[in-house]
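K.L.:
sequence-free structure coming up:
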């Protein structure tokens, strides 16, 4: 205890005799709010700045327990540790303000611990301005990141659609776009779920505010919470000084697009549900509730209903997300969209040139099943645009896996009356259908085709179908 008394201020004898009224007058004229709390956690003094600047009457505070009024106050920590806390921003729940100042232990002249004093200023407005600046900077960083990542435009001036079923989906999307309804977009990988989300946002009343994209499958589970909801300084090892806003805060007044929502862990689903219900969040390591004004669009290629039955997706979250459901058909289900998509992609990939595809190439593109959907078509055309040697893309410009096993003459009318070629194509189609119908069982397929085992394997090799069979 002697160690504490060693640091007492050096004062003149005249000051020792100063009466209490003079001391209180000094404290009342300090431009900081001041509280004095005794070791029993009772508030025994507040100065004039505290009452006038914060608009709190003395009767509501004096003689009351600090723990009852502000159970998370830093002063309670100082009462326990007897170690000062300086220049730390503290959110004062009872006053709804952010404060910064110092909290110091008090000792009497015998060196015995007596209580603590807190001196602070209201910095709520400064923090708001600071967070606005931080949000602007982080939004700039985010948009620059997006520009770096995008090699080709991800959306079109006009949404390309000819297929009637797809048109119905677009019509529903157009009706829901001006509202704030939550939208769930369903479809296989690569069908254009993100393009649909952008289209909806751009047609909404929030279009002048940000659309923030989050791929839930690409972010590690242990980082997803801080990525979505942000974190405070010191929340975990390596946390950025000053903390960081999450994607939900960046999307405030705009739209957040949560892609691959079906890949989110069950535990994280519960946290997301709470934010969607409350329309507010707390950063990781924080205590302050941040209100949200956002529109939520989600997407998945998974069967969420089957996941609910399997216990891997929350039913309450599903019904919260599935207010409006939009299902985008696969490209093989809307083959009439392939030709207009080809034209749009080529026009964007080769501006100023009149790049086309040969009839044979278009036939291949129309007949292929496109497991990667629109994204795969885009990649194929990008490859062909790079390797082509003329304005017309021909078969030799296609990726190897799309080139037919049998040669096709592109100089004439594509050999459409060549009996040998037509027979070979028909034989190949029969092989594919038989293998699929027999679920890859080679013995069953041989029996169905009525050919010998040797002939079967020769044709597998000839037509490039080895990987199709088990």
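P.N.:
In hand now; what should we look at? These numbers were taken from a predicted model, which means no experiment stands behind them.
K.L.:
show me the shaky parts of the protein.
P.N.:
Scanning the chain for pLDDT under 70 picks out 1-24, 28, 53, 123-158, 234-239, 242, 405-425, 463-464, 466-470.
K.L.:
show me how it divides into domains.
P.N.:
The chain breaks down by automatic domain parsing into domains covering 2-122, 153-329, 334-402, 419-468.
K.L.:
can you lay out those as CSV showing mean neighbour count?
P.N.:
All C-beta atoms are positioned from the backbone trio N, CA, C, and that covers glycine. As requested, these are arranged in CSV below (neighbours: other Cβ atoms under 10 Å):
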stretch, mean neighbour count
domain 2-122, 14
domain 153-329, 17
domain 334-402, 16
domain 419-468, 14
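K.L.:
centre-most residue in the protein?
P.N.:
By Cα atoms, centre = their mean, the chain has its centre lying nearest to residue 214, at 2.4 Å.
K.L.:
SS state for it?
P.N.:
strand (DSSP: H, G, I helix; E, B strand; the rest coil).
K.L.:
and residue 104, that one's in a strand?
P.N.:
Yes. If the criterion is three-state DSSP, then residue 104 is within a strand.
K.L.:
tell me how far stretch 194-206 is from the chain's mean position?
P.N.:
Counting by Cα atoms, centre = their mean, to the nearest Å, stretch 194-206 is centred 16 Å from the centre of its parent chain.
K.L.:
now do stretch 101-120
P.N.:
The chain centroid and the centroid of stretch 101-120 are separated by 46 Å, computed with Cα atoms, centre = their mean.
K.L.:
hmm, who's touching that stretch?
P.N.:
1-2, 4-5, 8, 30, 32-39, 44, 73-75, 78-79, 82-87, 90, 99-100, 121 (Cβ atoms under 8 Å, 6 or more residues apart in numbering).
K.L.:
let's see which of those residues end up in strands.
P.N.:
Under the assignment DSSP state E, the contacts of stretch 101-120 contribute 33-38, 44, 85-87, 90, 99-100, 121 to strands.
K.L.:
identify the bridge partners of the residue nearest to the centre of the chain.
P.N.:
residue 258 (DSSP bridges).
K.L.:
these two touch, right, it and residue 246?
P.N.:
No. With contact defined as Cβ atoms under 8 Å, residue 214 and residue 246 do not form a contacting pair (9.4 Å).
K.L.:
got any residues that touch both of the two?
P.N.:
With Cβ under 8 Å, 6+ apart as the test, residue 214 and residue 246 both reach 227-228.
K.L.:
mind listing the strands for the stretch 201-350 of the chain?
P.N.:
211-215, 255-259, 280-281, 290-291, 295-300, 324-327 (DSSP state E, counting those that start in this stretch).
K.L.:
let's verify residue 63: helix, strand, or coil?
P.N.:
From three-state DSSP, the assignment for residue 63 is coil.
K.L.:
distance to residue 260 added to the ones in strands among the contacts of stretch 101-120, as CSV?
P.N.:
Converted to CSV, those look like this (distance: Cβ to Cβ, whole Å):
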residue, distance to residue 260
33, 49
34, 53
35, 50
36, 55
37, 51
38, 56
44, 57
85, 43
86, 45
87, 43
90, 38
99, 41
100, 41
121, 45
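K.L.:
surely residue 355 touches residue 397?
P.N.:
No. Residue 355 lies out of contact with residue 397 (Cβ under 8 Å); the separation is 10.5 Å.
K.L.:
now list whatever residues contact both of these two.
P.N.:
Jointly contacting residue 355 and residue 397 under the rule Cβ under 8 Å, 6+ apart are residue 388.
K.L.:
returning to what we had before: residues touching the residue nearest to the centre of the chain, list them.
P.N.:
227-228, 247, 256-259.
K.L.:
for it, give its distance to residue 180.
P.N.:
19 Å (Cβ to Cβ, to the nearest Å).
K.L.:
just to revisit the earlier point, go through the ones in strands among the contacts of stretch 101-120 and name the one nearest residue 351.
P.N.:
Nearest to residue 351 among the ones in strands among the contacts of stretch 101-120: residue 100, at 54.6 Å, using Cβ to Cβ.
K.L.:
residues in contact with the closest one?
P.N.:
Here residue 100 is in contact with 87-90, 120-121, 123 (Cβ under 8 Å, 6+ apart).
K.L.:
ok, residue 324 - contacts?
P.N.:
Applying Cβ under 8 Å, 6+ apart, the residues near residue 324 are 172, 176, 181-184.
K.L.:
those residues: which two are farthest apart?
P.N.:
172 and 182 (14.1 Å).
K.L.:
good, wrapping up.
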